[in-house]
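1. Give me a model of this one.
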Amino acid sequence: MKLDGVATFVAVAEAGSISEAARRLSLSKSVVSERVAELERSLGATLLHRTTRKLSLTEDGAAFLERAARITRDVEAAMADLAERRGELVGPLRISAPVAFGHLHLGPAIYPFLRRHPRIELTLDLNDRRVDAAAEGFDAVVRNGVIADNRLVAWRLAPSRRLLVAAPDYIAAYGTPKTMADLERHRGVFYTNRGAADWHFATGDGTVSVRGQVGLRVNNGNMMRDACIAGLGIALMPSFIIGDAIRAGALIQIQLDVSPLPEWIYMAHPEGRRASAKLRALADCLRAAFGDPPYWDAA
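-> Numbers count the residues shown, from 1 in each chain. A predicted model of the protein is given here:
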């Protein structure tokens, strides 16, 4: 049994397809298929059901996967530990992050880190959906907001201010809300990955939610900002996305008698996995790059 065959099988099981596993491993689909086939021959068992439409685990495959994944992680951790003893940060690192934050702020912070540690093999998956870090094989996720998954261990990277904003044309047409009751009568641009079309505020009596009228629901922060600039409604958005638009006068901040709930930019890794030295080093790098207060607010 070859270790690369075990690692390839784990990648296929986590990716859900040969082609996606090949993309993640930077291998051809034929090499991935052959490695899995060779592993099945050495085990004398069929691990995967293959059809033209989908790929699924057999009963033997499901039983083998749990330990195979643990073996793969242990070998990667052992290799990383040896490198760390020599003062090096090496090996694969797979991170998920939101599209807008990744493009605007995460990428510029990560590039110098990778230049300093050229033996780290970073895969950065930019996606606004809420991923299952453990099931999808991520070492960590970077997210903005509240932590919804209690199976994750979270490290705070920077505070995240959320501001209520609208375009000058929208304010001229519909007026400026002054209270939460006023806000309910306005159209909103909402982020679908947060669930219902609610805005959440901190009051002396606890958290209060205000449901606005839906002007647009979308799953991308950049499109939310652009829709708000186009006058489609009011949005409650992170300052790291809308700061430039406010400074340029394309958006106006709306001040109510209450404040939005405080949130954070955080990095979270699956509970039960020891955080590697390279993951801890990346988190430290991001904290230093963002600053406290973060540079997008200080500006």
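
2. make it CA atoms for all contacts and neighbour counts henceforth
-> Noted.

3. Nearest the middle, which residue of this protein would you pick?
-> Ala97 (2.8 Å; CA atoms, centre = their mean).

4. so that residue makes contact with Arg130?
-> No: if you go by CA atoms under 8 Å, Ala97 and Arg130 don't touch, sitting 9.4 Å apart.

5. residues in contact with stretch 118-138?
-> 14-15, 24, 89-99, 102, 114, 139-141, 193, 219-220, 269-270, 278 (CA atoms under 8 Å, 6 or more residues apart in numbering).

6. residues contacting the residue nearest to the centre of the chain?
-> 124-128, 141-143 are the contacts of Ala97 under CA under 8 Å, 6+ apart.

7. Enumerate the beta-bridge partners assigned to it.
-> Note on Ala97: beta-bridge partners by DSSP bridges are Leu126.

8. Leu93 now?
-> Beta-bridge pairing of Leu93 under DSSP bridges involves Leu122.

9. which residues of this protein score low on pLDDT?
-> Along the chain, the model assigns pLDDT under 70 to residues 52, 80, 83-87, 147-150, 195-197, 272-273, 299.

10. Specify the residue ranges that define each domain of it.
-> 3-84, 89-160+264-298, 162-260 (automatic domain parsing).

11. hang on, the earlier thing: please, a ChimeraX command that selects the buried ones among the contacts of stretch 118-138?
-> Buried subset of the contacts of stretch 118-138, written as a ChimeraX selection, criterion 16 or more other CA atoms under 10 Å:
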select :14,15,89,90,91,93,94,95,96,97,98,99,102,139,140,141,219,220,269,270,278
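
12. Contacts for the strand or helix carrying Ala109, please.
-> Using DSSP states H and E, Ala109 sits within helix 107-116. Outside of helix 107-116, the residues within contact range by CA under 8 Å, 6+ apart are 120, 282, 285-286, 289-290.

13. and what of stretch 176-193?
-> Under CA under 8 Å, 6+ apart, the answer for stretch 176-193 is 128-130, 174, 197-198, 210-221, 224, 227-228, 232-236, 254-258.

14. next one: stretch 257-276
-> Outside stretch 257-276, the residues within contact range by CA under 8 Å, 6+ apart are 77, 80, 133-134, 138-146, 151-163, 178-180, 199-203, 207, 283.

15. Buried ones in it, by neighbour count?
-> Here stretch 257-276 shows 260-261, 263-270, 275-276 as buried, counting by 16+ other CA under 10 Å.

16. quick one: which of these is nearest Thr46?
-> Nearest to Thr46 among the buried residues of stretch 257-276, counting by CA to CA, is Pro270 at 29.3 Å.

17. Need the phi and psi values for the closest one.
-> Torsion angles at Pro270 (phi, psi; degrees, to the nearest 10) stand at phi -60, psi 140.

18. Who is it paired with across the strands?
-> Leu152.

19. Please apply the same query to Phe201.
-> Bridge pairing for Phe201 - DSSP bridges - gives Val208, Pro260.

20. For it, the count of nearby residues, please.
-> For Phe201, the neighbour count with other CA atoms under 10 Å is 18.

21. before we move on, what about Ala173?
-> By other CA under 10 Å, neighbour count at Ala173 equals 9.

22. Tell me the spacing between it and Gly215.
-> Using CA to CA, to the nearest Å, we find Ala173 at a distance of 15 Å from Gly215.
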